[in-house]
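Trainee: Here's a sequence, model it:
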Amino acid sequence: MSNTPPPAETSQHIAPGDKQTGIKLVAPAAASERAEAISFVQMPRERSQRLDVLVLNPPSPDGDLFLRDIARVGRRSRDGIIWPQTALAQIGAVVQEASYRVDVIDAIGLGMTWEQFERYMWKHKPRYMVIHATAPTLTNDMRTTFLGKAVGTISMAIGTHVTPMSRETLESYPSLDVVVRGEPEMTIVDVIRTLDRVAKEEGALDTVPVGNADMTAPWRKLPFPDASYLSTRGRFTGLSPQLVSRALRETLGVAIRDAGGAVQINPDRPFITDLDSLPIPLHHMLPWQKYKVPIVGGPYTFVLTSRGCPAGCRYCIKHVTYQSSVRHRSPAHVIKEMVMLKELGMHHIHFEADLFTVKKEFVVDLCETIIREGIQMRWSCNSRVDFVDEDLLRLMKRAGCFMIAWGLESGSEAVLKRARKGTTVQRIQETIAASHRVGIMNWGYFIIGLPGETVETIQQTIGLAKKLPVDIALFHIATPYPGTPFYYEAVENGWISMQRWEDYDMYDHTVLSYPHLSSQQLEYWAKRAAREWSLRPGPMLTFLKGASNPATLGQLWTIGVNHIKWMGGSVGRLAVQE
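Mentor: Residues are numbered from 1 along each chain as shown. The predicted model follows:
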């Protein structure tokens, strides 16, 4: 007998069967053998500690790249870009600050396969899992909750799809435990703390024995022992659904199932008023070296500056997320994160916000601080054409801004007005020209198929895109996302044609179909617009300049090939009356 002292008692969550003397397993016995004569064998098991919380960007359904962000919609990546998962790293930081062991996994960035993810789950057995779910990958994303059930994980889904579709999501996917609606950070911590507290108060365990330990009927009638008992003494089942419903029945910002299994949607949680109260995201947990854009020339990441936008665009997902109230981080808090990223090895960032230039005083203060502190980082941002002037653009350029992404949407005054864009074609032309004059690159986003669209207005949009000094132009088909005013208008008028949520993929097809413009016609015009804009000397020169960087040449080649394939997908396939 070994003289090694037994290990000290621990309060950590230990895998079932991890006892000092191993697991008692039943050896096969004849049916006539007496119960007291059945022999036992000792099978030692490795002691393993459960992870508290996993924050996850799920694996791809088919190995392709998908773009996900908790304040945006999801889609297949047409341009080979991977969006940095800073928002998940932010959640991870909040959970870690609450004294929980956390891991942040960006399976898309890592290229993690489903087999690798399944092995991860069996190895770490997280007690809680936060998953970012999007419409184009919904069933794929919910597969994570099914695997979670096998190891006793309580799963929470977040994102712009499950927030407005909480009831439908919980009814369709019984392995999902909780939907966290809206701004997620504080709600997630509240859910974890509440469930842990109630489980402790009630003496609930997230394990159950497997097999029949006392050899009573009907087990003894079998000519062989219970195979599950041979493999383990117990297994994780997670907290019971009844406990979850009792514990969270008054928790703000969640949708759950009540004691009878019906979906219960609780009142929303108020927004976080002080964004400086959030800890710096756990960037080091992300595969940030994989976040590359050829036009940037190296790894980049997102840095949050504000949440909320006062504009009233009817199609915008901000109606689901942070809505119209604007909350800013202080410039000092943003600078602190920039310095940390610089020390990590990052030299390019994108300031993430619903509208970066929503408050001119903030932008001026931030830019002047960057210049004064001598922070040498190239950065990009988004903006509206009516929220900047040329003086502000010059200051942004001096502070390191090299590119602005503009939501330009349409070249038709009528379409812009109906969408409540709040700007004009003339203002678009003036602002993009000013940005070009000060030396900032312009990335223009256009939407084909907003309400009121016709073949004539589409041609106006294409014409405007070709006139503007934009370095990159992307043409997306209008998508009526649940929770937006556009969605309710489309439902009321019967404009949506879909079989499943995965049809909400802006890459290759659309769910939108008007009586005068079918979905096939919208797809044709989106691809034709891309062809007419990109197959010109200016855009081709921009592409060739990007090819001069050896670090991103391979990615740029892949982007070019994929884009050409996408643009040519409708050629010769559809006759459109012009």
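
Trainee: Wait, Y315 touches I447, no?
Mentor: Yes - Y315 lies in contact with I447 (C-beta atoms under 8 Å); the separation is 7.1 Å. Every residue, glycine included, has its C-beta placed from N, CA and C.

Trainee: can you list residues touching both of those two?
Mentor: Common contacts of Y315 and I447 (C-beta atoms under 8 Å, 6 or more residues apart in numbering): A478.

Trainee: Spell out the secondary structure type for D103.
Mentor: strand (DSSP: H, G, I helix; E, B strand; the rest coil).

Trainee: how about it, what does it touch?
Mentor: Shown in contact with D103 (C-beta under 8 Å, 6+ apart): L51, V53, L54, V55, G92, H124, P126, M285.

Trainee: Mind checking which of those are in strands?
Mentor: Using DSSP state E, V53, L54, V55 are the members of these that sit in strands.

Trainee: how close does the second one sit to V102?
Mentor: Counting by C-beta to C-beta, to the nearest Å, the gap from L54 to V102 is 8 Å.

Trainee: Which one's more surrounded, the two?
Mentor: Neighbours per residue, other C-beta atoms under 10 Å: of L54 and V102, the larger number sits with L54, 26 against 22.

Trainee: Look at the residue lying closest to that one once chain neighbours are set aside and report its pLDDT.
Mentor: Of all residues not flanking L54 in the chain, P126 sits nearest, at 3.9 Å (C-beta to C-beta, 6 or more residues apart in numbering). Listed pLDDT for P126 reads 96.

Trainee: what residue ranges in the stretch 151-300 of the chain score low on pLDDT?
Mentor: Across the stretch 151-300 of the chain, the ranges flagged by pLDDT under 70 are 205-237, 294.

Trainee: coming back round to it: now the ones in strands among the contacts of D103 in a markdown table, with distance to P184 and pLDDT?
Mentor: Formatted as a markdown table, these follow (distance: C-beta to C-beta, whole Å; pLDDT from 0 to 100):
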| residue | distance to P184 | pLDDT |
| --- | --- | --- |
| V53 | 13 | 98 |
| L54 | 14 | 98 |
| V55 | 10 | 98 |
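
Trainee: Make a markdown table out of the residues you listed and add distance to H333.
Mentor: What follows is those, written out as a markdown table (distance: C-beta to C-beta, whole Å):
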| residue | distance to H333 |
| --- | --- |
| V53 | 24 |
| L54 | 27 |
| V55 | 21 |
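
Trainee: Which secondary structure element is home to C381?
Mentor: C381 belongs to strand 378-383 when assigned by DSSP states H and E.

Trainee: Can you tell me the strand partners of that strand and which way each runs?
Mentor: When pairing is defined by DSSP bridges, strand 378-383 lines up against strand 348-352 (parallel), strand 401-409 (parallel).

Trainee: Tell me what angle the very next helix or strand once past it forms with strand 401-409.
Mentor: Sequence-wise, the next helix or strand downstream of strand 378-383 (DSSP H and E) is helix 390-398. Between the axes of helix 390-398 and strand 401-409, defined by axes from the mean of the first three to the mean of the last three C-alpha atoms, to 10 degrees, the angle is 130 degrees.

Trainee: Which residue ranges of the stretch 351-500 of the chain form helices?
Mentor: 360-373, 390-398, 413-418, 425-437, 455-467, 485-493 (DSSP state H, counting those that start in this stretch).

Trainee: Show me the one of these that comes nearest V254.
Mentor: Proximity to V254 (C-beta to C-beta) singles out helix 485-493 among these, at 22.5 Å.

Trainee: pretty sure S155 belongs to a strand, no?
Mentor: Yes - S155 forms part of a strand when assessed by three-state DSSP.

Trainee: Tell me, how many residues neighbour it?
Mentor: Neighbours of S155 using other C-beta under 10 Å come to 25.

Trainee: Make sure it is actually in contact with R127.
Mentor: No - with contacts counted by C-beta under 8 Å, S155 stays clear of R127, the gap being 10.7 Å.

Trainee: From the ones in strands among the contacts of D103, pick the one nearest F475.
Mentor: V55 (33.3 Å).

Trainee: which residues does that closest one contact?
Mentor: V55 sits next to L88, A89, I91, G92, V95, V102, D103, V104, I105, M129, V130 when contact means C-beta under 8 Å, 6+ apart.

Trainee: Report how many residues lie close to Q459.
Mentor: Q459: 17 surrounding residues under other C-beta under 10 Å.

Trainee: Could you do the one 10 residues further on as well?
Mentor: Burial of P469, expressed as a neighbour count using other C-beta under 10 Å, amounts to 14.

Trainee: who touches it in this structure?
Mentor: By C-beta under 8 Å, 6+ apart, the contact set of P469 is I432, A433, H436, N442.

Trainee: now H161
Mentor: Listed by C-beta under 8 Å, 6+ apart, the contact set of H161 reads V73, G74, A133, T134, A135, L138, T169, Y481, P482, W501.

Trainee: I'd like the residues you listed as TSV, with neighbour count and distance to D391 appended.
Mentor: What follows is the contacts of H161, written out as TSV (neighbours: other C-beta atoms under 10 Å; distance: C-beta to C-beta, whole Å):
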residue	neighbour count	distance to D391
V73	20	34
G74	24	37
A133	28	43
T134	27	39
A135	25	41
L138	23	45
T169	22	47
Y481	22	36
P482	19	40
W501	21	45
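
Trainee: so can I have JSON lines of those residues showing secondary structure?
Mentor: Below are the contacts of H161 laid out as JSON lines (three-state DSSP):
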{"residue": "V73", "secondary structure": "coil"}
{"residue": "G74", "secondary structure": "coil"}
{"residue": "A133", "secondary structure": "coil"}
{"residue": "T134", "secondary structure": "coil"}
{"residue": "A135", "secondary structure": "helix"}
{"residue": "L138", "secondary structure": "helix"}
{"residue": "T169", "secondary structure": "helix"}
{"residue": "Y481", "secondary structure": "coil"}
{"residue": "P482", "secondary structure": "coil"}
{"residue": "W501", "secondary structure": "helix"}
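
Trainee: Need the max-distance pair from these.
Mentor: V73 and T169 (15.3 Å).

Trainee: related to what we said a few turns ago, for the contacts of D103, which single residue is the most surrounded?
Mentor: V55 (32 neighbours).

Trainee: give me the beta-bridge partners of that one?
Mentor: Beta-bridge pairing for V55 (DSSP bridges): V104, V130.

Trainee: Can you tell me which helices and strands the lengthiest helix in the chain packs against?
Mentor: Longest helix in the chain, counting residues (DSSP state H): helix 185-202. Helix 185-202 sits against helix 86-97, strand 128-132, strand 154-158, strand 178-180, helix 241-247, with contacts defined as 3 or more C-beta pairs under 8 Å, 6 or more residues apart in numbering; DSSP states H and E.

Trainee: ok, I349 touching Y300?
Mentor: Yes - if you go by C-beta under 8 Å, I349 and Y300 touch, sitting 6.0 Å apart.

Trainee: ok, L416 - contacts?
Mentor: With contact set as C-beta under 8 Å, 6+ apart, L416 has these partners: E409, S410, T423, T424, V425.

Trainee: correction: R500
Mentor: By C-beta under 8 Å, 6+ apart, the contact set of R500 is L138, T139.

Trainee: Quick check: phi and psi on it?
Mentor: With angles defined as degrees, to the nearest 10, R500 sits at phi -150, psi 170.

Trainee: N140 versus that one, what's the distance?
Mentor: Using C-beta to C-beta, we find R500 at a distance of 11 Å from N140.
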